[in-house]
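A.B. asks: I'd like to go over a predicted model; first the sequence, then the structure.
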Amino acid sequence: MSFSNSFKRKLFKHTAFLGLPLWVLIILLSAFCIVIVLVIISLCFICRRRRKSYKDNYFCLPNPIPCKPHRYDSYSMSSLDRRLLPRNIYEVEMSNGRSSEGHSGTTPQQHWIVTDDVESVVRYLPVAKDVWRGSKFSLKEIEMATNRLAKENVIGSGDYGVVYRGILLDNTRVAVKKLVSGSCQAEDFIAEVETFGQVRHKNLVKLLGCCIEGTYRMLVYEYVDYGNLYEWLHGSPEISPLTWSTRIKIIQGIAKGLAYLHEDLEPSVLHGCLKSSNILLDHQWNPKITDFGLAKLFDPEWSHLIMETLGYVAPESPSTDAFTEETDVYSFGILVMEIISGLIPVDSRQPQPYLIEWFKSMVANREISCVVDPKLPEMPSLKGLKRIILVALRCVDPNINHRPKMGDVVHMLEQCDMLLNNAGCRSEVFLDP
């Protein structure tokens, strides 16, 4: 009894900690310890779930071993949408589907496996949405999109084939270019398409994919529905909707797109067939270059291009077998002259059929204002006109070593004042007032 009474007295004895009885302090300490333990257990559980969720969401690739579905499965995709995923995902899913349907009866999308192949993982990340994936469309899909390549869907014929408008299953509007049959080997076609398929620039038409079946070679582009520059320059009414500021905007955009192809890509991409009909326009008059890189596939010796792009081809081209940046620069110079004057590069009805010869004669005779398209609603300033004329003349210099790089052209077009004492151009004297 004495021991029990002594223990009770100690429990009820007030301590130095806030004057609380000992038994109250023991209860508080016990509760605090229990809370600490529960917090630690909860944190461990949460961390474990997060690690598991991270692996499931980012490192799951197709394979007939069950795992949590990939993040792409959260989207409702049609069969065509899935072809806009990375190149191998559709092919692997289809092969896995054929091999696994007999085992579990589940769809290919439900089979995944964890992998440590970082390179493979990057190709499947959602952040890589706008990166070229080598999308391959079947001939059946192309025919569905274009109503079996119907004539009423033809929107033009280019240097390399016929262009059709089409609508994919996900309602994406596209332009399908059916290339000349047997024009290139499948291996060469795939290699080149994969090269310029990775090109992304606001002044270049985006390539969405391709179709290779038998002798068919087709390219699927984004649809630009405001026509091409040739139509607006030469098919417009008496007063052209292309104002001077709009034409300068178009010239600058073309220069930036071409500079990107020449100087920002490795290896560089040469156009080889730059002309007004290969410049598409959107509703804000932003130019988009199309058909870049295709010339190499069809005729490295320029035989048919010289006929089809007569007036744009540099004088040294017939004697060479290779495309160069300088030949693209020359074509750009002729294109600038065409945009300024509203005249086609070659017109046999004129006393001087070649635009470049007529243009140089006007400048030499100090009749600069005569080179301006009479359909312009307003005349440009003399200073601005001289600046653009100088750019065009430098680009068509007969000496290829005197032609500027496209990056330099972009810089010249953006300058407020043009330096007229460049030793590489012998035309400045004609531009003095």
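C.D. replies: That came through fine. Here the structure is a predicted model, which is why all the values come from computation and not from measurement. Residues are numbered from 1 along each chain as shown.
A.B. asks: switch to C-alpha atoms for all contacts and neighbour counts from now on
C.D. replies: Will do.
A.B. asks: and the spatially closest residue to residue 331 that is not a sequence neighbour, how many neighbours does it have?
C.D. replies: Closest residue to residue 331 apart from its sequence neighbours, by CA to CA, 6 or more residues apart in numbering: residue 312 at 4.8 Å. By the criterion of other CA atoms under 10 Å, residue 312 has 28 neighbours.
A.B. asks: where along the stretch 301-433 of the chain do the helices fall?
C.D. replies: 303-308, 325-341, 355-364, 382-395, 406-414 (DSSP state H, counting those that start in this stretch).
A.B. asks: likewise the stretch 151-300 of the chain?
C.D. replies: 186-197, 229-234, 244-259, 295-298.
A.B. asks: winner for burial among these?
C.D. replies: helix 244-259 (a mean of 21; mean count of other CA atoms under 10 Å).
A.B. asks: Please work out the angle formed by the directions of it and helix 325-341.
C.D. replies: 170 degrees (axes from the mean of the first three to the mean of the last three CA atoms, to 10 degrees).
A.B. asks: Quick one: low-confidence residue ranges for the stretch 301-433 of the chain.
C.D. replies: Low-confidence segments of the stretch 301-433 of the chain (pLDDT under 70): 301-311, 317-322, 415-433.
A.B. asks: re earlier: any idea which of the helices of the stretch 301-433 of the chain is most buried?
C.D. replies: helix 325-341 (a mean of 25).
A.B. asks: before we move on, the earlier item: between the helices of the stretch 151-300 of the chain, which gets nearest to residue 37?
C.D. replies: Among the helices of the stretch 151-300 of the chain, helix 186-197 comes nearest to residue 37, with 57.1 Å by CA to CA.
A.B. asks: packing partners for that closest one?
C.D. replies: strand 207-213, helix 295-298 (3 or more CA pairs under 8 Å, 6 or more residues apart in numbering; DSSP states H and E).
A.B. asks: Extract the CA atoms of that helix and return them as PDB.
C.D. replies: Output in PDB follows, covering the C-alpha atoms of helix 186-197 (Å, rounded to 0.1, in the frame of the first residue of the first chain):
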ATOM      1  CA  ALA A 186      12.200   4.000-101.800                       C
ATOM      2  CA  GLU A 187      15.500   4.100 -99.900                       C
ATOM      3  CA  ASP A 188      16.500   7.500-101.300                       C
ATOM      4  CA  PHE A 189      13.000   8.800-100.700                       C
ATOM      5  CA  ILE A 190      12.900   7.700 -97.100                       C
ATOM      6  CA  ALA A 191      16.300   9.100 -96.300                       C
ATOM      7  CA  GLU A 192      15.600  12.500 -97.900                       C
ATOM      8  CA  VAL A 193      12.100  12.700 -96.400                       C
ATOM      9  CA  GLU A 194      13.400  12.000 -92.900                       C
ATOM     10  CA  THR A 195      16.000  14.800 -93.400                       C
ATOM     11  CA  PHE A 196      13.700  17.600 -94.400                       C
ATOM     12  CA  GLY A 197      10.800  16.200 -92.400                       C
END
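A.B. asks: what domains does the record give for the chain?
C.D. replies: 60-128, 139-222, 229-431 (automatic domain parsing).
A.B. asks: sorry, back to before: pick out the shakiest of the helices and strands packed on helix 186-197, pLDDT-wise.
C.D. replies: If you rank the helices and strands packed on helix 186-197 by mean pLDDT, helix 295-298 sits at the bottom with a mean of 64.
A.B. asks: count of residues packed around residue 144?
C.D. replies: By other CA under 10 Å, neighbour count at residue 144 equals 15.
A.B. asks: who touches it in this structure?
C.D. replies: Each residue near residue 144 by CA atoms under 8 Å, 6 or more residues apart in numbering is listed here: residue 168.
A.B. asks: tell me which element it is part of?
C.D. replies: helix 139-146 (DSSP states H and E).
A.B. asks: any idea how far residue 340 is from residue 364?
C.D. replies: 17 Å (CA to CA, to the nearest Å).
A.B. asks: tell me the mean pLDDT for the longest helix anywhere in the chain?
C.D. replies: Longest helix in the chain by number of residues, with DSSP state H as the criterion: helix 22-58. Computed over helix 22-58, the mean pLDDT rounds to 75.
A.B. asks: so residue 362 touches residue 356, yeah?
C.D. replies: No - if you go by CA atoms under 8 Å, residue 362 and residue 356 don't touch, sitting 10.0 Å apart.
A.B. asks: would you list the helices of the stretch 301-433 of the chain in TSV and tack on distance to residue 316?
C.D. replies: Below are those laid out as TSV (distance: least, CA to CA, whole Å):
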stretch	distance to residue 316
helix 303-308	11
helix 325-341	8
helix 355-364	15
helix 382-395	14
helix 406-414	19
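A.B. asks: Of all these, which one comes closest to residue 25?
C.D. replies: helix 406-414 (79.2 Å).
A.B. asks: Now tell me what touches that closest one from outside.
C.D. replies: In contact with helix 406-414 (CA under 8 Å, 6+ apart) are residues 252, 255-256, 258-259, 262-263, 329, 387-388, 391, 418.
A.B. asks: The closest residue to residue 222 other than its chain neighbours bridge partners, please.
C.D. replies: For residue 222, ignoring the flanking residues on the chain, the nearest one in space by CA to CA, 6+ apart is residue 174 at 4.9 Å. Counting by DSSP bridges, residue 174 is bridged to residue 166, residue 222.
A.B. asks: Export the helices of the stretch 151-300 of the chain to TSV and append columns for distance to residue 45.
C.D. replies: Below are these laid out as TSV (distance: least, CA to CA, whole Å):
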stretch	distance to residue 45
helix 186-197	46
helix 229-234	63
helix 244-259	53
helix 295-298	59
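A.B. asks: With respect to those, which exhibits the lowest mean confidence?
C.D. replies: helix 295-298 (a mean of 64).
A.B. asks: how many neighbours does the closest residue to residue 293 other than its chain neighbours have?
C.D. replies: Closest residue to residue 293 apart from its sequence neighbours, by CA to CA, 6+ apart: residue 271 at 5.0 Å. Close neighbours of residue 271, defined as other CA under 10 Å, add up to 25.
A.B. asks: quick one, phi psi at residue 271?
C.D. replies: phi -80, psi -60 (degrees, to the nearest 10).
A.B. asks: gap between it and residue 195?
C.D. replies: From residue 271 to residue 195 the distance is 13 Å (CA to CA).
A.B. asks: list the contacts for residue 290?
C.D. replies: So residue 290 contacts 204-205, 278-280 (CA under 8 Å, 6+ apart).
A.B. asks: switch the cut-off to 6 Å
C.D. replies: Listed by CA atoms under 6 Å, 6 or more residues apart in numbering, the contact set of residue 290 reads 205, 278.
A.B. asks: Quick check, pLDDT for it.
C.D. replies: Per-residue confidence (pLDDT) for residue 290: 90.
A.B. asks: Please report the distance of it from residue 384.
C.D. replies: 28 Å.
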